[in-house]
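K.L.:
Provided below for reference: sequence and predicted model.
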Amino acid sequence: MKTATLILDPAFRVGPVRPRLFGSFVEHMGRCVYTGIYEPGHPRADADGLREDVLALTREMGVSVVRYPGGNFVSGYRWEDGVGPVEERPARLDLAWQSLETNAFGLHEFMTWADRAGVEPMMAVNLGTRGVQEAVDLLEYCNHPGGTALSDRRVKNGRTEPYGIGLWCLGNEMDGPWQIGHKTATEYGRLAQETGKAMKLVDPSVELVACGSSNGHMPTFGSWEATVLEHCYDEADYVSLHAYYGQDGDLPSFLASAVDMDAFIDGVIATADHVRAKLHKSKRIQLSFDEWNVWYTDSFEGGTWEQAPRMSEDLFNVADAVVVGNLLISLLKHADRVGVACQAQLANLLAPIRTEPGGPAWRQTIFHPFAHAAAYAKGDALRVVLDAPRVETAKYGDVPVVDAVATHDDDGVTVFAVNRDVEESVGLTLDLRALPGVRSAERIVLSDADTGAANTEAEPGRVTPQRSEVPVRAGEPLLVELPPVSWNVIRLTV
Ligand SMILES: O=[N+]([O-])c1ccc(O[C@@H]2O[C@@H](CO)[C@H](O)[C@H]2O)cc1
């Protein structure tokens, strides 16, 4: 068996784990909204048509913040279409996904859902086909107490108190040629600056996310962030990152996907800090990794003009869950700069939660690492000193076979670790010399002899994490075996 050692010390602090790291994303795309979170007439729907089974799973996952309504969808969206009496709302072509948008679900429905799910809303404005005026109109509608045409319209539509939405995205993936209203970095940077300036005049408390690159391999990556931030450094609080990782038959490289995420995050930090130095600023721009996940992009099908077509309903397996866990480790390793992160998406497409219309809702494999991280990654993120053998990958060269991070709070220390070896277990020795008070240890593991195993409607509990106690001997290191292709949580209680 391969062996690795890991030194834990509460002094090796990276930064606080901010709850917004465990965000998700609800887009008007495929069946995320319609027959996902919202299905009037479903046996488990409440009086507002919100699926209570999906609400319960969202709460169980520990989702903290949810980005809405897109995504590519937002770049052609008129928010006014989704407010007021439902029977008066227009049906529209959704050009992003070539689907039919009925607008039966809109702003108020989403805010009711967010309230019941116990999540903070993260609202995106359309900077594709629209601009400064529509963005400030939406913000005034949402956040101004009353006495103006827009805020009184919100009151008339049933919501007296202002929504007080604090986190806003200035458009979506505006660097992407596929984006409706795609812009150059200079065009977008100026628009983000002016939109941000006006939004902060309406409500100075809002936090704004400027669009970074739609992935770290875009030809404009780096120069896009630099140009955009040179324009909107004062107005932006965050710059966004998006990344999706897929399997293409090369499992060792897929399992090492977090190597790419680490490099992407480091590149954006370096670029944002370059602009900070160049502009002589003291403020540091934070990172909003507001779309991340595993995704088999070739499973995308659109163009039918149907309402809520089945799109990208990927069936995620054990290997996918291990990669998702590793991506969460990467986010936690950068907790000092990544202040927001949203797994894309919540229900049905690319999703931890799957539903059937009129039928059940269940947890995909990737639900579990997210739920563990959201539940147990509290307090401060800790850098760990890891000594592990390396494995060869075609995409990333040789990489450590184990990747890990830890968190420290009043209850103790939790280690999150993946074994990226396709065949062999790794014997991990946890050096606890800086934690003499550890009384007990529990470990949770997600692995399977069949790395392709998945949860389905017929077998929703096929892949389930296993919990066990690990014996602790005072003054001695702790030994844990990490099975091949596994996600592991080790909770040390003091
Ligand atoms: O790799 N791709 O082919 C690819 C295509 C589209 C794409 O768009 C992003 O992903 C969509 C789904 O979350 C969001 O609406 C959009 O922001 C992200 C990645």
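P.N.:
In hand now; what should we look at? Numbering: from 1, shown residues only.
K.L.:
CA atoms for contacts and neighbours, from now on please.
P.N.:
Fine.
K.L.:
and residue 354, how far is that from the ligand?
P.N.:
Separation of residue 354 from the ligand (Cα to the nearest ligand atom, to the nearest Å) stands at 15 Å.
K.L.:
which stretches of the stretch 301-450 of the chain form strands?
P.N.:
Using DSSP state E, counting those that start in this stretch, the strands assigned to the stretch 301-450 of the chain run over residues 338-344, 353-355, 361-363, 380-382, 385-387, 390-393, 397-400, 402-409, 412-419, 426-431, 440-446.
K.L.:
just want the angle from the last one to strand 412-419.
P.N.:
For strand 440-446 against strand 412-419, the angle between stretch directions is 30 degrees (axes from the mean of the first three to the mean of the last three Cα atoms, to 10 degrees).
K.L.:
to residue 254, which of the strands of the stretch 301-450 of the chain lies closest?
P.N.:
The minimum distance between residue 254 and the strands of the stretch 301-450 of the chain falls on strand 390-393, with 8.8 Å, by Cα to Cα.
K.L.:
can I get the closest one in PDB, CA atoms only?
P.N.:
C-alpha atoms of strand 390-393 as PDB (Å, rounded to 0.1, in the frame of the first residue of the first chain):
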ATOM      1  CA  ARG A 390       3.000  11.200  -7.000                       C
ATOM      2  CA  VAL A 391       1.000   9.700  -9.900                       C
ATOM      3  CA  GLU A 392       1.500  10.300 -13.600                       C
ATOM      4  CA  THR A 393      -1.400  12.000 -15.500                       C
END
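K.L.:
any idea what residue 441 is bridged to?
P.N.:
Taking DSSP bridges as the rule, residue 441 bridges to residue 470, residue 492.
K.L.:
contacting residues for it?
P.N.:
469, 470, 471, 472, 490, 491, 492, 493 (Cα atoms under 8 Å, 6 or more residues apart in numbering).
K.L.:
pull out the buried residues from those.
P.N.:
Neighbour-count burial (16 or more other Cα atoms under 10 Å) is assigned, among these, to 470, 472, 490, 491, 492, 493.
K.L.:
between the residues you listed, which is nearest the ligand?
P.N.:
residue 490 (31.2 Å; Cα to the nearest ligand atom).
K.L.:
now the closest one: phi and psi?
P.N.:
phi -120, psi 110 (degrees, to the nearest 10).
K.L.:
would you say residue 247 is within a strand?
P.N.:
No: per DSSP: H, G, I helix; E, B strand; the rest coil, residue 247 lies outside any strand segment and is coil.
K.L.:
pull the number of nearby residues for the residue nearest to it when sequence neighbours are not counted.
P.N.:
Among residues not flanking residue 247 along the chain, residue 254 sits closest, at 5.7 Å (Cα to Cα, 6 or more residues apart in numbering). Using other Cα atoms under 10 Å, the number of residues around residue 254 comes to 24.
K.L.:
which neighbouring elements make contact with whatever helix or strand residue 254 lives in?
P.N.:
In the assignment (DSSP states H and E), residue 254 maps to helix 251-255. Contacts defined by 3 or more Cα pairs under 8 Å, 6 or more residues apart in numbering; DSSP states H and E place helix 251-255 against helix 318-333, strand 390-393.
K.L.:
in the shortest one, what's buried?
P.N.:
Spelled out, it's strand 390-393. Quick answer for strand 390-393 (16+ other Cα under 10 Å): 391, 393.
K.L.:
run the chain-centre distance for that strand.
P.N.:
Between the centre of strand 390-393 and the centre of its chain there are 27 Å (Cα atoms, centre = their mean, to the nearest Å).
K.L.:
give me the sheet partners of that strand and which way each runs.
P.N.:
strand 397-400 (antiparallel).
K.L.:
quick one: name the residues of the stretch 51-200 of the chain near the ligand.
P.N.:
Residues of the stretch 51-200 of the chain found near the ligand (Cα under 6 Å from any ligand atom) are 70, 71, 72, 172, 173.
K.L.:
report the contact partners of the third one.
P.N.:
Which is residue 72. Here residue 72 is in contact with 96, 97, 172, 173, 179, 180 (Cα under 8 Å, 6+ apart).
K.L.:
separation between residue 93 and residue 321?
P.N.:
Distance, residue 93 to residue 321, using Cα to Cα, to the nearest Å: 35 Å.
K.L.:
one more: residue 427?
P.N.:
Per Cα to Cα, residue 427 is found 21 Å from residue 321.
K.L.:
closest one to residue 61 out of the contacts of residue 72, please.
P.N.:
Residue 61 lies nearest to residue 172 out of the contacts of residue 72, by Cα to Cα, at 25.4 Å.
K.L.:
please save the CA atoms from the host helix or strand of residue 264 in PDB.
P.N.:
Using DSSP H and E, residue 264 sits in helix 257-278. This file holds the C-alpha atoms of helix 257-278, laid out as PDB (Å, rounded to 0.1, in the frame of the first residue of the first chain):
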ATOM      1  CA  SER A 257      -8.900  18.200 -12.200                       C
ATOM      2  CA  ALA A 258      -8.300  20.300  -9.100                       C
ATOM      3  CA  VAL A 259      -4.700  20.900 -10.200                       C
ATOM      4  CA  ASP A 260      -6.300  23.000 -13.000                       C
ATOM      5  CA  MET A 261      -8.700  24.700 -10.500                       C
ATOM      6  CA  ASP A 262      -5.800  25.600  -8.200                       C
ATOM      7  CA  ALA A 263      -3.800  27.100 -11.100                       C
ATOM      8  CA  PHE A 264      -6.800  29.000 -12.400                       C
ATOM      9  CA  ILE A 265      -7.500  30.600  -8.900                       C
ATOM     10  CA  ASP A 266      -3.800  31.500  -8.500                       C
ATOM     11  CA  GLY A 267      -3.800  33.100 -11.900                       C
ATOM     12  CA  VAL A 268      -6.900  35.300 -11.200                       C
ATOM     13  CA  ILE A 269      -5.400  36.300  -7.800                       C
ATOM     14  CA  ALA A 270      -2.200  37.300  -9.500                       C
ATOM     15  CA  THR A 271      -4.000  39.300 -12.200                       C
ATOM     16  CA  ALA A 272      -6.300  41.100  -9.700                       C
ATOM     17  CA  ASP A 273      -3.300  42.000  -7.500                       C
ATOM     18  CA  HIS A 274      -1.300  43.200 -10.600                       C
ATOM     19  CA  VAL A 275      -4.100  45.600 -11.300                       C
ATOM     20  CA  ARG A 276      -4.200  46.600  -7.600                       C
ATOM     21  CA  ALA A 277      -0.500  47.500  -7.800                       C
ATOM     22  CA  LYS A 278      -0.800  49.200 -11.100                       C
END
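K.L.:
okay, the angle between that helix and strand 338-344?
P.N.:
Interaxial angle, helix 257-278 versus strand 338-344 (the same axes, to 10 degrees): 140 degrees.
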